[in-house]
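Novice: Sequence first, then the predicted structure:
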Amino acid sequence: MIRMRKFAAALLATTATLLATPPTASATPASSHPFFRETFDRLPLGPVTAGRGWTSDTSHGSLTVEPGADGHGRQLRLHTEGNGRAFLVLDDLAPAGNSFWARLRLRVDAFPLAPDWAHWTLAEASGFDTPTVVRPLGGQYVPTEKDNFWGVGSDLGPTGDWTAWKTSAPAAAGRWSCVEFHLDATDNRVTVYLDGVERPELTVSTKEHGGTAGDFVFPAFDRLKLGWQLYQADPTPTSYDLRMDDVAVGTRRVGGCAP
């Protein structure tokens, strides 16, 4: 009986200790579950205008599902003629807190070499409440440098039409890149990551941007377009091809771009 009492007392003490000790946090962060993901592997080969959760927007352009670059799976080729456009479009976005992350793998066969200051866009986010469009992924041909550079931009808002390109971020054609961007409404901040590395020189925010004096403010996002658009007529080259794969959009960083 005495031994049973001692055992019961020891068990109660151990239980109390366990209940009083806070749980140890896991060293592995909780997995991120994107609200949109597309690998194109389940789509038939050939021309396509829509997929699961997305549609398209084209003008002198097309979308085609092709075999993957490594011989496995499938990828999306977006083709345009002249200053056309070809986009994969996510409608009814409504991200929590008006903020979201996006990740995609892409390869641009060639960037424009003419006309001077030719401007191109790979991603554009917009909303229902204002005409402002946010271009977290794009760039421009800079004739003084004879090269193309990545830049974040905006248009149709109070800060005007601008692309904040940086010579420290050259855009390389003919190679695959893993690109991420984060739109954070707490400071109207756009952050860009190239191949898993943050590029702080491409960051813009409410007070620090490339437009006219005034605050840069996000619209209430409900649409995201991913693809290609060139705005100037009679460009060189006369046509453009972009290949895209492994697209994910979520309220947390998806990752998968580590160098």
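Specialist: Perfect, I can see it now. Numbers count the residues shown, from 1 in each chain.

Novice: Please count neighbours and contacts with C-alpha atoms only from this point.
Specialist: Noted.

Novice: Tell me where this protein has strands.
Specialist: Per DSSP state E, the chain has strands spanning 36-38, 46-47, 55-67, 74-91, 100-108, 119-127, 133-142, 147-155, 162-170, 177-184, 189-194, 197-198, 221-230, 239-250. These are given in chain order.

Novice: Rounded mean pLDDT for the second one, please.
Specialist: Per-residue pLDDT values across strand 46-47 average out to 98.

Novice: gap between Trp101 and Val190?
Specialist: Using C-alpha to C-alpha, to the nearest Å, we find Trp101 at a distance of 10 Å from Val190.

Novice: still on that earlier bit, which one, of the strands of the chain, ends up nearest to Gly211?
Specialist: Each of the strands of the chain was scored for nearness to Gly211 using C-alpha to C-alpha, and the closest is strand 162-170 (5.4 Å).

Novice: Just the buried positions in that closest one, please.
Specialist: Along strand 162-170, these residues count as buried under the neighbour rule (16 or more other C-alpha atoms under 10 Å): 162-166, 169-170.

Novice: Show me what that strand is packed up against.
Specialist: In terms of contacts (3 or more C-alpha pairs under 8 Å, 6 or more residues apart in numbering; DSSP states H and E), strand 162-170 is packed against strand 133-142, strand 147-155.

Novice: Direction included, what does that strand pair up with?
Specialist: Strands adjacent to strand 162-170 in the sheet, as given by DSSP bridges, are strand 147-155 (antiparallel).

Novice: angle of the strand it pairs with against strand 119-127?
Specialist: 30 degrees (axes from the mean of the first three to the mean of the last three C-alpha atoms, to 10 degrees).

Novice: Stretch 246-254: how far from the chain's middle?
Specialist: 8 Å (C-alpha atoms, centre = their mean, to the nearest Å).

Novice: how about it: buried residues?
Specialist: Of the residues in stretch 246-254, 246-254 count as buried by neighbour count, 16+ other C-alpha under 10 Å.

Novice: do the same with stretch 169-180
Specialist: By neighbour count with 16+ other C-alpha under 10 Å, stretch 169-180 contains the buried residues 169-172, 176-180.

Novice: got it, and stretch 221-238?
Specialist: Neighbour counts over stretch 221-238 (16+ other C-alpha under 10 Å) mark 221-230, 232, 235 as buried.

Novice: and these as TSV, adding pLDDT and distance to Gly68?
Specialist: Below are the buried residues of stretch 221-238 laid out as TSV (pLDDT from 0 to 100; distance: C-alpha to C-alpha, whole Å):
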residue	pLDDT	distance to Gly68
Phe221	98	31
Asp222	98	30
Arg223	98	27
Leu224	98	24
Lys225	98	22
Leu226	98	18
Gly227	98	17
Trp228	98	19
Gln229	98	23
Leu230	97	25
Gln232	97	31
Pro235	98	28
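
Novice: and the most centrally placed residue in the chain, how far is that from Gly255?
Specialist: The residue at the geometric middle of the chain, judged as the C-alpha nearest the mean C-alpha position with C-alpha atoms, centre = their mean, is Ala102 (3.4 Å). Applying C-alpha to C-alpha, one obtains 9 Å for the distance of Ala102 from Gly255.
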